[in-house]
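[1] Sharing a model prediction with you, sequence too.
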Amino acid sequence: MTAPAANDGRVRVEGLVKRFWDEGRGEIRAVDGIDFECVPGEVFGLLGANGAGKTTTLRVLATTLQPSAGRATVNGHDVVRSPESVRRSIGFHSASTALYPRLTAKETLEFFARVNGYPADRVPGRVDELLDRFDIRPYADARIDTLSSGMKQKVSLARTVAHDPPVLIFDEPSVGLDVVNALELRRIVAELRDAGKTILFSTHVMPEAEKVCDRIAIMHGGHILSVGTLEQHRSRTGLHYLEDIFLADLTGADVAAP
Amino acid sequence: MNHVFWRDVRVLWGREVRGALRERSVVVNSILLPVVLYPLLLWIEISALGFVAGLAERSSARVAVLGDASARSEIVEVLEGTPGDGAPENDAGPIEIVDTPTTLDEALTRLAAGDLDAIVTLEEPAAGGDALENNARVVVRYDRSVDRSRRALERIERVMDGARADRLALEAERLALPPGAAEPLRVTRRNVSTDEALGTTLLGLMIPLFLVIAVALGCLVPAVDTTAGERERGTWETLMTTRASRGSIVTAKYLYVASFGATAGVLNVAAMSISLGPILAPLQGMGDGGPALVVSLAPTAIVVMALGAVLLALFFAAAMMPLAAFARTFKDGQALVTPVFYLALVPLVLGQQTDRTLTPAIAMIPVANIAMAVRDAIHGVFIWPLLGVTAAVSVALILVFITFSRWILGFEDFLMGSYSGRPWRFVRDKLGSAR
Amino acid sequence: MTPFGALLRHELRLLARDTRMILIAIVLPLILFPGLILVLRAVERDETERLDRGEYQYAVRDTAQARDLAELLERALTLPGDRPGARFDRARTATPDSALASGTVHIVAEWSGADTVQTEGPYRPGVTLRYRADSDLSRAAATELEARLLALGRQERDSVFRAAGFPADPGRVLELEATNVATPAREGGARLGLLLMPFVLLLLLTGGSIAAVDTLSGEKERGTLETLLTTGLTRAEIIRAKLLAIVALGLVLVTVNAANLVTYLVIGVLELPAGLALSVAPIDALLVLLLLVPLAVLVAGALLLLSGRVDGYKDFQIAFFPVMLAFVALAAPAALPGMELRSAIALVPVAGLGVAVREVMVGERDWLFLALAWLSSGGAAYLLTVLAERGLSTERLIGGAMLSERDVRGGPALFPYRVARWFAVLWALFFTVSLWFGDALGVRGQVVVNLIVLFSGATWLMIRWYRLDARQALSLRAPPRRAWLAVALGAPAGYVTAIGLAGLVDAYLLPVPQSMLEAFGEAMLIETIPVWQLLLFLAVLPAIAEEVAFRGVLLHGLRARMRPVAATLVAGAVFGLFHVSLFRLVPTAYLGVILATTVVLTGSIYPAMLWHFLNNAMAIVPTRMGWIDVSTEIPWWVYAAAAVALAASFAVLLSARSASPREERASPQGRTT
């Protein structure tokens, strides 16, 4: 493999494997040899049921888990060899990345911009910008633990992009959001894509994947069954709805499996 | 709504206990860790004692002797020579005479700096001693704040006692006094406590303290976990929407906390007394530090101790749970309960005195009364009326707490974890609405 | 502001905003400590009062001269003693011993050696006071009565001397007068130095634990840890920021509480005991503060490590108490009277600092050893910090209770990760048995229990439990022939150098009380046990059972995870710890290292067995046969020759190693993935 150019904004995954061990079930291959690449200006979707390996893949990319085999680079940095550089290049957002309840919204943004190495003199300006862009200003000085879940969602998204990273990773971000907030989330993701960010987006909600993602990888049992734009998926299977395409892929996979 | 159905209680209690026993950390930390930790602690202390003894035995007391040359040389000879008949009890330990400082002031400076341990000067005998030829008053300057200096004084005293006895014996011979006249009356102290009595005393000092702390600690974690912890995990509401009455649920939880606390207390005390028993003997200045402490407890004593543990557990559980139940997270619950835990320090106040028993006054103080009753029991003392008072006081307090718990359980907003985990907000609201 | 600076500020802000934590960690001790001190002082005063004004009962054993003794005691009791307020009454009882046992009588007095009483003259053989050490009243009565009797004895002696025409007061012959030159401030410093350490440690532990649990376990529980771990910060930065936050809180806590106590002293709510004053020179205060820094870091590191290991608040709570006890146990030796900084104690973390603080508080500044104490605790703190960092990079933190392959499969691959636990439990059992049943079992019984039941039993259990290949785990292979030559040369050389080493350790590191050495020698060479039995129990059985346990399973387990040199050193140290007594620690660890090296170099346990047997036999036979005794001095050239012989022995072993076929890796199963 050719060495990826540093800071190319791309995410590359080659032959990635992640194994776990469980007392009752023995070895579990949560991710079992997947390859994909996504580029700036693209929303790459990982679609799959719970346990398909989406979260594990994204956590490996965020360097919180170590790959058992295979290779992954983010923005030209290897996740094993230079995890710090990888983390500085990404914004990671998931249902389990919580906010500090005892900080205010504004302090949260300031803090995450600073610890991710955003130039110190530009932090106040950046926070100002984020407060407006995510409509947080009205409750900028309220403590997180007093905010509603919709407000927290906005702060959390703003914190993800606080240091203006080239790569953004969203792990099932819409879980637990109401319709209005989910719409808002989608709007923001589209905006970020248009700003030239590389975006990884995992979900198990088919219509959401249809609307948000430029390319969709259908995952099941640690494998990627198929990758492509929605149109490519449709022409490949002759089915219209992603839900049907997904089910068709799954059936195929189960038939093909020994 | 608040009725208690005992069959439900039994089922609910069983679930709580099973849940606790299935947690690896609980089992490892409460059983495996003490097994290794307490002997290790004991080894550290025994090694330290041996180390200090060796250190003291080896290090010479550095003594400077001031005075005119002739008298000085005599005293130096006495201090340096092996005193007495060389038998171990007369061996005071090494004394090293250091080069003489020129002035007393210089010597005092060196004493203060720790370069010297004692200064010996020879003075004219005081009135009453001056009539004797060749007599002197030996003045020892030492620093009481330094162990080494105190030890030097002891060594010099011992040597000088020997020298004085020799001199008096000589004088007695010269005066043709009968043999032994120079020796004052010998007084020997003999400790007649059996090892068993010593062991009993040590356990009597140790067990009540450990028991109270262990029971309080044992209650603290489950009390918070089964209330605030459940609320944090979201299982509180699941439980409250089952068929079981609130009374049954809370009773089961209460009994679970109390049984857990009592068991933890008893187990811990057993482990500690097995491991730490021998070490306390030398530290308390009793006995020779031999580990052969044999302790036998009367069956009645064990019953009283077990009852004491149960009462303590019921008390701490009843005092902790209503507080912890206000909290919404384990952390908050712990913060609310911690002041109650400090009650466990009450027996400390009893001090470590021997020969004390339960008095009517102590019997009225919660926690302290049980601690004292347990100590009495270890000594085989049973003052039944006061034990009755102790039990009555404890039970009354427990009932007060339980009544309070049942009262606050009646409030829906409490049940659902309102008040941001702040009891005083609850109190303010209730008082406000009453007005 | 650098990312690290931002993180540190953030941690401090989070701590400061935790109101409940502040209340419990700072405000509660502010009330609790002075309260506790007041009550304890009151109890202490009450106790002194009780003993000073006690009404003591004494009985006189009914012998022929009982009346004489009673009269003597009465006269003694008219003298003023140390407790003039005490009252002594004679109890008339026919059974003084049982009265003493039941507590109705505090002292039983009798003539010493009652059979040989001299009846004429005032010269008596002496008085024995029987008392009970387990009763404060009885002890106080004995001390007081003893003092008065001695005073009476001196009076009588003096009157005899004076009647015979002695010109002087016999009490003034070579009279010794002790003058305490310590100023009240110095004595206050000594007292404070003793109390300072437990006080600071308690505050650091209780306050630090609340902060530590919140900053790591709490973040884990709230999910903010994952957020933090996906930022550009390194694990080391995260741990250091958290550590510094806890240290800062600890130091604030100590300062605030110290200031609080001083305030109480100034306004007079608390008062110092008589004869003490509180005055610490600024430089000493600074020095003490400097000494407390590594302590604060050490405590914070330990708590942070714990907090990272456990799964939440609850687990932390359960595990905290043992950790606290461990710290207290480490600090306690510093309070022993007679402990001096200029000794090996400076090398012990926590304890060394405690002694250092005590000495600084009385104005002694032994810079070299102060630095040693500082470095030893600082080094331990650094070690804990590194461990905490490592803990933070494990995936368990994120994935919940994740297991590794070896956890699930068990068997030989898991054994290297469990061997330490097995030997820890084994040590605890071994120690407890020897402490409680050592005397009852006797030498032979102890050997049987320790070697056969504990060591061999545990070895067998480990082999079964982890399905180990016994041949491989115990190195049951034929050694190269040259190894036997090396043993024949090395065993005497090793024994002699061990004696030399023990002498050096005794002189410079760990001084041993003479009584302890003698007791050990006696236990080893009991005359009633025939020589062949001594050899069987103290040489043959240890050579088999101890080798199998320590150079067998232990070394095998350690080698899978360590370099050979580290494994031999650790195996040796563990072997030393199993000899319990401090003075045997270094020589036996030395022997353990030698034996482990033999096994590593030859790939076989048999030479080590022979070496061990020869070593023990040399310790038994020459002394027992009376060829040498304790006073036998070994000339220096013997040590030198032994060192040369030992080196030669290892040279032979090394050459044998290169001649032997390639050594198999200790645990190839460990790396199957």
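    Structure's in. What do you need?
[2] Can you pull out the low-pLDDT segments for chain B?
    Low-confidence segments of chain B, defined by pLDDT under 70: B:1-2, B:24-34, B:81-92, B:195-196, B:273-297, B:346-354, B:412-422, B:430-435.
[3] Likewise for chain A?
    A:1-5, A:23-24, A:253-258.
[4] residue boundaries of the helices in it?
    A:54-61, A:83-89, A:105-115, A:123-133, A:149-160, A:179-194, A:206-212, A:230-237, A:242-256 (DSSP state H).
[5] For C:Glu55, name its beta-bridge partners.
    For C:Glu55, the beta-bridge partners under DSSP bridges are C:Arg87.
[6] what's it in contact with, if anything?
    Going by C-beta atoms under 8 Å, 6 or more residues apart in numbering or on different chains, C:Glu55 touches C:86-87, C:89. (Each C-beta comes from the backbone N, C-alpha and C, glycine too.)
[7] At which residues are the strands of the stretch 151-300 of chain C located?
    C:175-180 (DSSP state E, counting those that start in this stretch).
[8] What parts of it come near chain A?
    Within reach of chain A by C-beta under 8 Å from any C-beta of the partner chain, the stretch 151-300 of chain C has these residues: C:222-224, C:226-234.
[9] how near is C:Ser209 to C:Lys314?
    13 Å (C-beta to C-beta, to the nearest Å).
[10] burial of A:Ala62, as a residue count?
    When neighbours are counted by other C-beta atoms under 10 Å in any protein chain shown, A:Ala62 registers 27.
[11] Help me confirm that it comes into contact with A:Val167.
    No: with contact defined as C-beta atoms under 8 Å, A:Ala62 does not count as touching A:Val167 (9.8 Å).
[12] re the thing from before, could you pick out the buried ones from the residues of the stretch 151-300 of chain C next to chain A?
    Among those, those buried by neighbour count (16 or more other C-beta atoms under 10 Å in any protein chain shown) are C:222, C:224, C:226-234.
[13] so which residue of the stretch 151-258 of chain A comes closest to chain B?
    A:Gly176 (13.4 Å; C-beta to the nearest C-beta).
[14] dump the residue contacts of that residue.
    With C-beta under 8 Å, 6+ apart, A:Gly176 has these contacts: A:95, A:149.
[15] Measure how buried the residue of the stretch 51-200 of chain B found nearest chain A is and give me the count.
    Residue nearest to chain A within the stretch 51-200 of chain B: B:Gly199 (45.2 Å; C-beta to the nearest C-beta). Counted with other C-beta under 10 Å, residues neighbouring B:Gly199 total 24.
[16] Tell me how far it lies from B:His379.
    Applying C-beta to C-beta, the value for B:Gly199 to B:His379 is 11 Å.
[17] B:Val224 and B:Ala327 touch, don't they?
    Yes: shown here, B:Val224 and B:Ala327 form a contact pair, counting by C-beta under 8 Å, at 7.3 Å.
[18] Which neighbours do those two have in common?
    Common neighbours of B:Val224 and B:Ala327 (C-beta under 8 Å, 6+ apart) are B:333-334.
[19] and these two? which has more neighbours close in?
    More crowded of B:Val224 and B:Ala327, by other C-beta under 10 Å: B:Val224, with 32 against 27.
[20] and the one helix or strand that one maps to, what other elements does it pack with?
    According to DSSP states H and E, B:Val224 maps onto helix B:195-224. Contacts defined by 3 or more C-beta pairs under 8 Å, 6 or more residues apart in numbering or on different chains; DSSP states H and E place helix B:195-224 against helix B:246-283, helix B:299-324, helix B:330-342, helix B:346-349, helix B:368-378, helix C:313-331.
[21] Report the buried residues of that helix.
    B:195, B:197-224.
[22] same check, this time on stretch C:423-438
    Judged by neighbour count using 16+ other C-beta under 10 Å, the buried positions of stretch C:423-438 are C:423-424, C:426-436, C:438.
[23] next one: stretch C:456-463
    Buried-residue list, stretch C:456-463, by 16+ other C-beta under 10 Å: C:456, C:458-459, C:462-463.
[24] likewise stretch C:276-286?
    Here stretch C:276-286 shows C:276, C:280, C:284 as buried, counting by 16+ other C-beta under 10 Å.
[25] Span of it from start to end?
    From its first residue to its last, stretch C:276-286 covers 21 Å (C-alpha to C-alpha, to the nearest Å).
[26] now do stretch B:223-232
    Termini of stretch B:223-232 sit 14 Å apart (C-alpha to C-alpha).
[27] same deal with stretch B:20-39?
    26 Å.
[28] Could you figure out how far the host helix or strand of B:Arg141 is turned away from strand C:175-180?
    Here B:Arg141 sits within strand B:137-142, counting by DSSP H and E. Strand B:137-142 and strand C:175-180 meet at an angle of 20 degrees, taking axes from the mean of the first three to the mean of the last three C-alpha atoms, to 10 degrees as the criterion.
[29] what pairs with strand B:137-142, and is each one parallel or antiparallel?
    Going by DSSP bridges, the partners of strand B:137-142 are strand B:118-123 (antiparallel), strand C:175-180 (parallel).
[30] quick one: that strand to chain centroid distance?
    Mean C-alpha position of strand B:137-142 versus that of the full chain (C-alpha atoms, centre = their mean, to the nearest Å) differs by 38 Å.
[31] can you give me the angle the helix or strand following that strand makes with strand B:118-123?
    Once the chain leaves strand B:137-142, the next helix or strand it forms, by DSSP H and E, is helix B:147-174. Per the same axes, to 10 degrees, the angle that helix B:147-174 makes with strand B:118-123 is 30 degrees.
[32] Let me see the residues that make contact with the next helix-or-strand element following helix B:147-174.
    Next helix or strand after helix B:147-174 toward the C-terminus (DSSP H and E): strand B:187-191. Residues from elsewhere that reach strand B:187-191 (C-beta under 8 Å, 6+ apart): B:286-287, C:112, C:126-133, C:142, C:146, C:149-150, C:153.
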